[in-house]
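# compute the structure for the input listed below.
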Amino acid sequence: MTKTINWGIIGLGKIAHKFAQDLAQVNHARLLAVASTSSSRAQDFATAYGAPHAYGSYDGILDCPDLDVVYIATPHNLHHSSTLLCLNKGIAVLCEKPFAIHARQAAEMIETARAQDTFLMEALWTRFLPVMEKALELIASGAIGEVLSIKADFGFKAVFEPRSRLYNPVLGGGALLDIGIYPVFLAQLLFGKPTSIHARAHIGPTGVDEEIGVILQYAGGQLAHLHASIRSKTKTEAFIYGELGTIHIHTRWHEATALTLLKHEQRPLDFTFPMRGHGYNFEAQEVVHCLQEGLKESPLWPLKSTQSLMELLDAIRREAGIVYAEDGE
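The predicted structure follows:
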């Protein structure tokens, strides 16, 4: 009999609601417990999604019986501490992106998971979407030949609220960690570690990067042109350019349901992937599969990839002059 995986959620903001809605679509998964800093918020959330247990503190969830894995949906600056809280109790973790504020925190989280022999994965949900799997399949098949460059952006005009998650440096605010991580992720997924980094950012009045442009260059001559902004809306598309053609991942590419293969002197070939819900079910299903198989990390998005991504984000921040209080740890 296939084991049902019992989930918990720490941090009950907007993304947690989306995740809970999508978790209901995942085979052999159920929401068992939720935790917030507010007892009333936790109880309301639990009632809304049928979770039997609600806790008014993050550490309270650790006492929940039969808990298999916890999804960390707190603000960025709490990912590190919340993940360690669970790992040190031997509870598996799916931690929302960005995995941590910087690479040193990420390394400690990964080292703890390995020391505790406990599953850990970054919730970089785009990696698990059917559209991304198709793009990788097309590249592997040689459909566009050798990949030469990519161009990817993500931008929206945010409401300026200085204390909000996006604009508060204490909460790890700014464009790069919140949405710029997606274009950087695509570059790393396709090209690996760059040999040179050029990055410039517009730093707003609260001290966070409100817009950033990045060019990465690689040993094989490839280039990545990346852009993120919380002060203007962009098309939010991705283009993967090869010798023989282009893969265009449609807007908004980090959650896309369609891509187009553009071959020289040929008609465009469209691929569509209807999506139920918000798309978080794919990463949750991967976690369920890994736990059922006794794996300690995902083969699709292993911990070495998460660590490399955090190191690259750190390097981009240094180049662009983006600083957080945690950098001095």
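
# residues near the nearest residue to residue 96 once chain neighbours are set aside, how many?
Computed as C-beta to C-beta, 6 or more residues apart in numbering, the closest residue to residue 96 that is not its neighbour in sequence is residue 123, at 4.6 Å. C-betas here are computed from N, CA, C, even on glycine. Residue 123: 25 surrounding residues under other C-beta atoms under 10 Å.

# ok, residue 47 next?
Neighbourhood size, residue 47 [other C-beta under 10 Å]: 11.

# how close does it sit to residue 31?
Residue 47 sits 12 Å away from residue 31, going by C-beta to C-beta, to the nearest Å.

# residue 92 too?
Taken as C-beta to C-beta, the span from residue 92 to residue 31 is 15 Å.

# tell me the confidence at the residue with the largest distance to the centre of the chain?
For the chain, the residue at maximal distance from the C-alpha centroid (C-alpha atoms, centre = their mean) is residue 265, at 36.2 Å. The model reports residue 265 with a pLDDT of 89.

# double-check that it belongs to a helix.
No - counting by DSSP: H, G, I helix; E, B strand; the rest coil, one finds residue 265 to be coil, located in no helix.

# partners of the helix or strand that contains residue 197, with directions?
Element membership of residue 197 [criterion: DSSP states H and E] is strand 196-203. In the sheet, strand 196-203 lines up against strand 209-217 (antiparallel) (DSSP bridges).

# which residues are in contact with the partner strand?
155, 174-176, 180, 183-184, 187, 191, 194-204, 223-232, 316, 320, 322 (C-beta atoms under 8 Å, 6 or more residues apart in numbering).

# from these, which would you call buried?
With neighbours counted by 16 or more other C-beta atoms under 10 Å, the contacts of strand 209-217 contain buried members at 155, 174-176, 180, 183-184, 187, 191, 194, 197, 199, 201, 203-204, 223-230, 316, 320, 322.

# not counting sequence-adjacent ones, nearest residue to residue 218?
Nearest residue to residue 218 in three dimensions, chain neighbours excluded: residue 191, at 4.9 Å (C-beta to C-beta, 6+ apart).

# okay but that neighbour is in contact with residue 222, surely?
Yes - Residue 191 is within contact range of residue 222, at 5.2 Å (criterion: C-beta atoms under 8 Å).

# need the overlap of contacts for those two.
Residues touching both residue 191 and residue 222 (C-beta under 8 Å, 6+ apart) are 147, 150.

# spatially central residue for this structure, please.
With C-alpha atoms, centre = their mean applied to the chain, the nearest residue to centre is residue 124, 2.6 Å.

# show me what contacts that residue?
By C-beta under 8 Å, 6+ apart, the residues touching residue 124 are 97, 181, 185, 283, 301, 306, 309.

# among those, which ones are in helices?
With helices taken from DSSP state H, the overlap with these comprises 181, 185, 283, 306, 309.

# for the third one, give its distance to residue 256.
Just to be clear, that refers to residue 283. Residue 283 sits 15 Å away from residue 256, taking C-beta to C-beta as the criterion.

# helices along the stretch 101-250 of the chain, start to end?
Applying DSSP state H, counting those that start in this stretch to the stretch 101-250 of the chain gives helices spanning 103-115, 130-140, 175, 181-191.

# return the member of the ones in helices among the contacts of residue 124 nearest to residue 11.
The nearest member of those to residue 11, counting by C-beta to C-beta, is residue 283 at 16.1 Å.
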